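J.: what's the 3D shape of this:
(2 chains)
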Amino acid sequence: MRHVVLERWSRSDSILHRLDARAKLIVLLVYLVSLATLRDVGSLGIAAFVIFPLAGLPASRLPIPALLARSMLVLPFTLTFAAISFVAGEPERASAMLVKSYFSALAVLLVVASTPTPALFHAASSLGAPQALVVVLQFLYRYMFVVAEQAARMWSAALCRGAKTSRRSRKQSMVAASGMLAALFAKSYQRAAAIHKSMLARGFTGRIPLIELPRWRRADVAFLGVGSIFLLSARLLPILWP
Amino acid sequence: MSNLVIEARGVGYRYEDGTQALNGIDFELRQGETVALLGPNGSGKTTFVLQLPGLLKGEGSISVCGLAVEKANLARIRAKVGIVFQDSEEQLFMPSVLEDVAFGPSNLGLPPEQAAEKAREILESVGMAAAAVKAPYHLSAGEKRRVALAGVLAMSPDILILDEPTTFLDPPAQRDLIQLLASLNQAKIIVTHDVPFARALAHRAVFFQAGRIVADSELETIVRQFRWGLNY
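T.: Predicted coordinates for the structure are as follows:
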């Protein structure tokens, strides 16, 4: 199934996969904040923020074209605002939006694709993210799969009954699609409730357990130190020495 | 009797839409006993078994291994009652088979290494050791059923509840499941429409109809009384 690709990627093996999830999460946070607050994307400073995730691509040993393509998913949202800025006579701001959003998405994707989800949530929790938020995110992630699986099943059933070959008007198709959407959410809700019941039946208390507790290793500390210093330098040097 | 593991008195349940799913159910299960719950679709069998580990709360009183099914005891009760759901897809929610089977033992407080070790042992016992690193989505229906059962057995429950365990299983997989279940010492409640399967594991049966238990007797007697089979 297509939606398990990320899950499959996160179970691969590479230098990036072997790094502690907490180290990756902290460096990601430094990256995102530094990039978001970077004013002048035309300067050399931006190069560091482009090179950093690009260097992570071969290190992850994941399919690079697929990673680059999936990061573009964020562009339709940013393009709207970039177009508004461009029309308003701010082309630099428009291009900054596109560059920042694309590379932010790429960095997030690299971390998510190289870290198993339970380890990622465990890292967020151990770094002080509110437990309630982490649990909500865990369920959100799991239920995304539920909705996707349900949608795939319903679509197959609809295809079997001539969904694509019928000669419906656009209005009729819209009505049918909205009906399917309502049924999809109702069914997904039922399925999600059933999954929650089965979790409770096996003693779920609000925290998804890990079968391998993370331990800081030298490589994790080195990545955390070098990565953070590199990114902070790239962000702060242009301010200190304009 | 001291060897009662489940004692239910006057159990009832009404769904939010007003449907009275269960009414005045009295039921007992003894240590090591296997009972088949038979009856038409919608007669309340699944609603009843969901009340045993406190997943649904209705009227009446239920005690499991001497513990009243109430909020304060739910954690201990859920460690004693293992339930294998009708649709294994709903039971397999972790990214890998090993993590899924270790989910229950971890929740019981076992350290990660021990939970993983326990999960490996149980997977070996159900013949699924080779699938430990696989994603549950990639298993066949029979394999999913075995992993779902392993996830429950890993918690070493005193009572095993199986809701329609033969759904989606081919005859060889059904045979394997019978052998596996027959080798387990736990008390078992099997909700099923599959009479040959029930016959292979249980001597006693309870027949549900319109939310009530209308017969509690030997399985063969009930099968004859309600003409509950294909050859009637």
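J.: going by C-alpha atoms from here, please, whenever you check contacts or count neighbours.
T.: Will do.
J.: got the buried residues for the helix ranked longest in chain A?
T.: Looking across chain A with DSSP state H, the single longest helix is helix A:170-201. Across helix A:170-201, burial judged by 16 or more other C-alpha atoms under 10 Å in any protein chain shown covers A:180, A:184, A:187-188, A:191-192, A:194-201.
J.: can you name the residue of chain B nearest to chain A?
T.: Proximity of chain B to chain A (C-alpha to the nearest C-alpha) peaks at B:Pro112, 4.3 Å away.
J.: could you pick out which of the buried residues of helix A:170-201 are near chain B?
T.: Among those, the residues within reach of chain B (C-alpha under 8 Å from any C-alpha of the partner chain) are A:Arg191, A:Ala194, A:Ile195, A:Lys197, A:Ser198, A:Met199, A:Leu200, A:Ala201.
J.: pLDDT score assigned to the fourth one?
T.: Put plainly, it is A:Lys197. Per-residue confidence at A:Lys197 stands at 89 (pLDDT).
J.: can I get the CA coordinates of stretch A:144-157 in CSV?
T.: In CSV, the C-alpha atoms belonging to stretch A:144-157 read as follows (Å, rounded to 0.1, in the frame of the first residue of the first chain):
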residue,chain,number,x,y,z
MET,A,144,-4.7,8.6,8.9
PHE,A,145,-3.9,5.0,8.0
VAL,A,146,-7.4,3.9,9.0
VAL,A,147,-9.0,6.5,6.8
ALA,A,148,-6.6,5.8,3.9
GLU,A,149,-7.3,2.0,4.1
GLN,A,150,-11.0,2.6,4.3
ALA,A,151,-11.0,5.0,1.4
ALA,A,152,-9.0,2.4,-0.7
ARG,A,153,-11.6,-0.3,0.1
MET,A,154,-14.5,1.9,-0.7
TRP,A,155,-13.0,3.1,-3.9
SER,A,156,-12.3,-0.5,-5.0
ALA,A,157,-16.0,-1.4,-4.2
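J.: for that stretch, buried residues please.
T.: A:Phe145, A:Val146, A:Val147, A:Ala148, A:Gln150, A:Ala151, A:Met154.
J.: may I have the secondary structure class of the fifth one?
T.: Reducing the assignment to helix, strand or coil with DSSP: H, G, I helix; E, B strand; the rest coil, the entry for A:Gln150 is helix.
J.: could you list the low-pLDDT ranges of the chain?
T.: Picking chain A for this. Applying pLDDT under 70 to chain A picks out residues A:1-3, A:41-44, A:163-168, A:242.
J.: my question was about chain B, not that one.
T.: Residue ranges of chain B with pLDDT under 70: B:1-2, B:232.
J.: get me the contact residues on it for chain A.
T.: Proximity of chain B to chain A, by C-alpha under 8 Å from any C-alpha, involves residues B:53, B:55, B:75, B:78-79, B:82-83, B:85, B:90-91, B:93, B:95, B:99, B:102-104, B:106-108, B:112-113, B:115-116, B:152, B:155.
J.: mind listing residues that contact stretch B:223-230?
T.: Stretch B:223-230 is contacted by residues B:Val195, B:Ile222 when judged by C-alpha atoms under 8 Å, 6 or more residues apart in numbering or on different chains.
J.: how far off centre is it?
T.: In terms of C-alpha atoms, centre = their mean, to the nearest Å, the centre of stretch B:223-230 is found 23 Å from the chain centre.
J.: show me what stretch B:176-192 is in contact with.
T.: With C-alpha under 8 Å, 6+ apart as the test, stretch B:176-192 has contacts from B:5, B:29-38, B:45-46, B:126, B:146, B:157-166, B:197-198, B:200-201.
J.: how about it: buried residues?
T.: Using 16+ other C-alpha under 10 Å as the test for burial, stretch B:176-192 gives B:Leu177, B:Ile178, B:Leu181, B:Gln186, B:Ala187, B:Lys188, B:Ile189, B:Ile190, B:Val191, B:Thr192.
J.: among those residues, name the ones in strands.
T.: Among those, the members found in strands (DSSP state E) are B:Ala187, B:Lys188, B:Ile189, B:Ile190, B:Val191.
J.: spatially, which two of those residues are the most separated?
T.: By the measure C-alpha to C-alpha, B:Ala187 and B:Val191 form the most distant pair in these, at 13.4 Å.
J.: circling back to that earlier point, return the distance of the residue nearest to the residue of chain B closest to chain A when sequence neighbours are not counted relative to B:Tyr13.
T.: Distance criterion C-alpha to C-alpha, 6 or more residues apart in numbering or on different chains; nearest residue to B:Pro112, sequence neighbours excluded, is A:Ile211 at 4.3 Å. When distance is defined by C-alpha to C-alpha, to the nearest Å, A:Ile211 is 38 Å away from B:Tyr13.
J.: what does A:Tyr102 give?
T.: Between A:Tyr102 and B:Tyr13 the distance is 53 Å, computed by C-alpha to C-alpha.
J.: ditto for A:Ile51
T.: In this view, A:Ile51 and B:Tyr13 are 62 Å apart by C-alpha to C-alpha.
J.: can you get me a residue count around A:Thr80?
T.: A:Thr80 has 12 neighbours, counted by other C-alpha atoms under 10 Å in any protein chain shown.
J.: what helices and strands are in contact with the helix or strand harbouring it?
T.: Using DSSP states H and E, A:Thr80 sits in helix A:75-87. Helix A:75-87 sits against helix A:91-113, with contacts defined as 3 or more C-alpha pairs under 8 Å, 6 or more residues apart in numbering or on different chains; DSSP states H and E.
J.: show me what the helix it packs on is in contact with.
T.: In contact with helix A:91-113 (C-alpha under 8 Å, 6+ apart) are residues A:6-7, A:9-10, A:24-25, A:28, A:31-32, A:35-36, A:41-42, A:49-50, A:53, A:56-57, A:60, A:67-68, A:71-72, A:74-75, A:78-79, A:81-86, A:120.
J.: ok, B:Leu92 - contacts?
T.: Going by C-alpha under 8 Å, 6+ apart, B:Leu92 touches B:Asp100, B:Pro136, B:Lys144, B:Ala148.
J.: give me the three-state assignment for it.
T.: On the three-state scheme (three-state DSSP), B:Leu92 is labelled coil.
J.: distance check, it against A:Val111.
T.: B:Leu92 sits 25 Å away from A:Val111, going by C-alpha to C-alpha.
J.: for A:Ser34, same thing?
T.: As judged by C-alpha to C-alpha, A:Ser34 and A:Val111 stand 17 Å apart.
J.: report the two of the contacts of B:Leu92 separated the most.
T.: The span of the contacts of B:Leu92, defined through C-alpha to C-alpha, is set by B:Asp100 and B:Lys144 at 11.1 Å.
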